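>>> need coordinates for the below:
(2 chains)
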Amino acid sequence: MIQDEETQEKSIFGNNPLESNENALLQISKWIRQIAVIGFAIGSFIVVLMLFSGAQILKAFAAALPASLPGMYPILVVLFFILFFLAALVLFYLYKASQLLFRGVQQKDSVSLAQAFVYIKSFFIVVIIFSALQLIVNLSNLLR
Amino acid sequence: MEPFQPQHTNMSTDPVRDTVLSAAKIAGIAAIVSLAGSLVGVAATLLTPAPSITAPAQEGFDEQTMQQLVQSSTYISAFISLAISVLAFYFLFRFSKLAKVAINSGDNSRLGTALQSLAGYFRIWAVIMFLIIVLFVLSLIGGIVGGAMGG
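Predicted coordinates:
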C-alpha cells in the first residue's frame, strides 16, 4: 500500500514536470525568449535614440512636467539610467529563465527547471516593485 | 535576488516543486498589485478633470475638435490598458491559484493547466511588445520618409 502511494507520488512528481508538462514548459520558454529578444531590440533602439537626441528629449520632458523644478534635468538623467538598468536586469532574468527551461526540458534536468523558476520568481518580484510604484503614482494623481 | 547555484548531481524533484510553489505565490501577489495599479490609473484618468490641452487646428479640424480627439484618445488608451491588465491578471492569478493547489495535492494535470496559464500570460506580453516594436519601426520609417519629402 505504502509502495503504491510512493509509486503514485513518483508518477506525479517523480520525473515531472519534465514529461507530462513538457509542452507547457516549452511554450513558456518560447514566449519568454520572444519577450527578452524584443525587449533587447527596443532597448537598443532607445540607446541609439538617446545617443543622438537624448539631451533634447530629457530637457523637453523636464519642461513638460507639471511640477517643474530648476534641477529636474540631472534627476531625470539619473532616473532614466536607473530604469534602463532595471529593465535590462528584468530582460536578463527572462532570457536566463528561457534558456534554463529549454535546457531543463531537453536534458530532462529538474535542477535547471528549478533554477528557471527562481529567475521567473525574481521577475515577478520586479513586477511587484514596478506595479507598486505605479499604484502609488496613480493614487497620488487620484487624490490630488 | 541572485538565483541559487544548484548541485547538478542531485536529481531530486523537490527543488522544482518548491520553486514553482514560491514563484506561484509571488505571481499571485504580482497579479493583484498590477491589477490594482491599473484600476487606480483608469480611475485617475476618468475622475480627475482633464487639463486644458492646446492642440493646434490641423487638416481642416478646428481647435475644439482637436481637443476632443486628444481627450477621447486618452480614454481609449486607458480602457485598452485596463483590458490588457485584466487579461494578464486572469492568466497570472489562474497560474498562481492552480499551481498552488496542484503542488499541494499532487495533481499533475492541474499543474499542466497552471503552466499553460503562465504561458498565456507571457504570450500576451510578447504580442504587446511585438506591437510596440512594430509601432517604433513604423514611426521611424514615417520620420525618415517625412524628412526625405521635406515635411
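
>>> list the contacts of residue A:45.
Residue A:45 is in contact with B:133, B:136, counting by Cβ atoms under 8 Å, 6 or more residues apart in numbering or on different chains. C-beta here means a position set from N, CA and C on the backbone, and glycine is covered the same way.

>>> after whichever strand or helix holds it, which helix or strand is next?
Using DSSP states H and E, the element containing residue A:45 is helix A:22-64. Next along the chain after helix A:22-64, taking DSSP H and E as the criterion, comes helix A:72-106.

>>> which elements pack onto the helix or strand just after that next one?
Counting by DSSP H and E, the next helix or strand C-terminal to helix A:72-106 is helix A:110-143. On a contact count with 3 or more Cβ pairs under 8 Å, 6 or more residues apart in numbering or on different chains; DSSP states H and E, helix A:110-143 meets helix A:22-64, helix A:72-106, helix B:14-47.

>>> quick one: pLDDT of residue B:151?
Looking at residue B:151, its pLDDT is 54.

>>> nearest to residue B:92, out of the helices and strands packed on helix A:110-143?
Closest approach to residue B:92 among those (Cβ to Cβ): helix B:14-47, 3.9 Å.

>>> and the closest one, what does it pack onto?
helix A:110-143, helix B:63-105, helix B:108-148.

>>> pick the most deeply packed of the ones you listed.
Highest mean neighbour count of the helices and strands packed on helix B:14-47: helix A:110-143, a mean of 20 (counted as mean count of other Cβ atoms under 10 Å in any protein chain shown).

>>> quick one, that one and helix B:108-148 angle?
In terms of direction (axes from the mean of the first three to the mean of the last three Cα atoms, to 10 degrees), helix A:110-143 departs from helix B:108-148 by 60 degrees.

>>> low-confidence stretches in the chain?
Since you didn't name a chain, this refers to chain A. Counting by pLDDT under 70, chain A contains low-confidence residues at A:1-19, A:66-69.

>>> can you look at chain B instead?
The low-confidence ranges in chain B, as defined by pLDDT under 70, are B:1-14, B:49-61, B:63, B:151.

>>> skipping adjacent residues, who's closest to the residue most central in space within chain A in space?
Closest residue to the average C-alpha location of chain A: residue A:90 at 3.6 Å, with Cα atoms, centre = their mean. Among residues not flanking residue A:90 along the chain, residue A:126 sits closest, at 5.1 Å (Cβ to Cβ, 6 or more residues apart in numbering or on different chains).

>>> do I have it right that the one you found meets residue A:93?
Yes: contact criterion Cβ atoms under 8 Å: residue A:126 and residue A:93 qualify, at 7.4 Å.

>>> can you check which residues contact both of those two?
By Cβ under 8 Å, 6+ apart, no residue touches both residue A:126 and residue A:93.

>>> now do the same contact list for the residue nearest to residue A:90.
A:86, A:89-90, A:93.

>>> residue A:43: what's it in contact with?
A:84, A:87-88, A:91.

>>> now which of the residues you listed would you call buried?
By neighbour count, with 16 or more other Cβ atoms under 10 Å in any protein chain shown, these hold A:87, A:91 as buried.

>>> and the contacts of residue A:43 as a markdown table, adding distance to residue B:102?
Formatted as a markdown table, the contacts of residue A:43 follow (distance: Cβ to Cβ, whole Å):
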| residue | distance to residue B:102 |
| --- | --- |
| A:84 | 38 |
| A:87 | 32 |
| A:88 | 33 |
| A:91 | 29 |
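
>>> just the closest of the contacts of residue A:43 to chain B, please.
Within the contacts of residue A:43, proximity to chain B (Cβ to the nearest Cβ) peaks at residue A:91, which comes in at 10.4 Å.

>>> hang on, the closest one packs against residue A:39?
Yes: in this structure residue A:91 lies within contact range of residue A:39 using Cβ under 8 Å: 4.3 Å.

>>> coming back round to it: now the contacts of residue A:126: which count as buried?
A:90, A:93.

>>> out of the contacts of residue A:126, who's nearest residue A:63?
For the contacts of residue A:126, the nearest to residue A:63 is residue A:86 (25.0 Å; Cβ to Cβ).

>>> quick check: closest non-adjacent residue to that closest one.
residue A:126 (6.9 Å).

>>> which element is residue B:150 on?
Using DSSP H and E, residue B:150 falls outside every helix and strand.

>>> that one: neighbour count?
Per other Cβ atoms under 10 Å in any protein chain shown, the neighbour tally for residue B:150 reads 5.

>>> so who does it touch?
So residue B:150 contacts nothing (Cβ under 8 Å, 6+ apart).

>>> residue A:127 too?
Contacts of residue A:127 by Cβ under 8 Å, 6+ apart are B:30, B:33-34.
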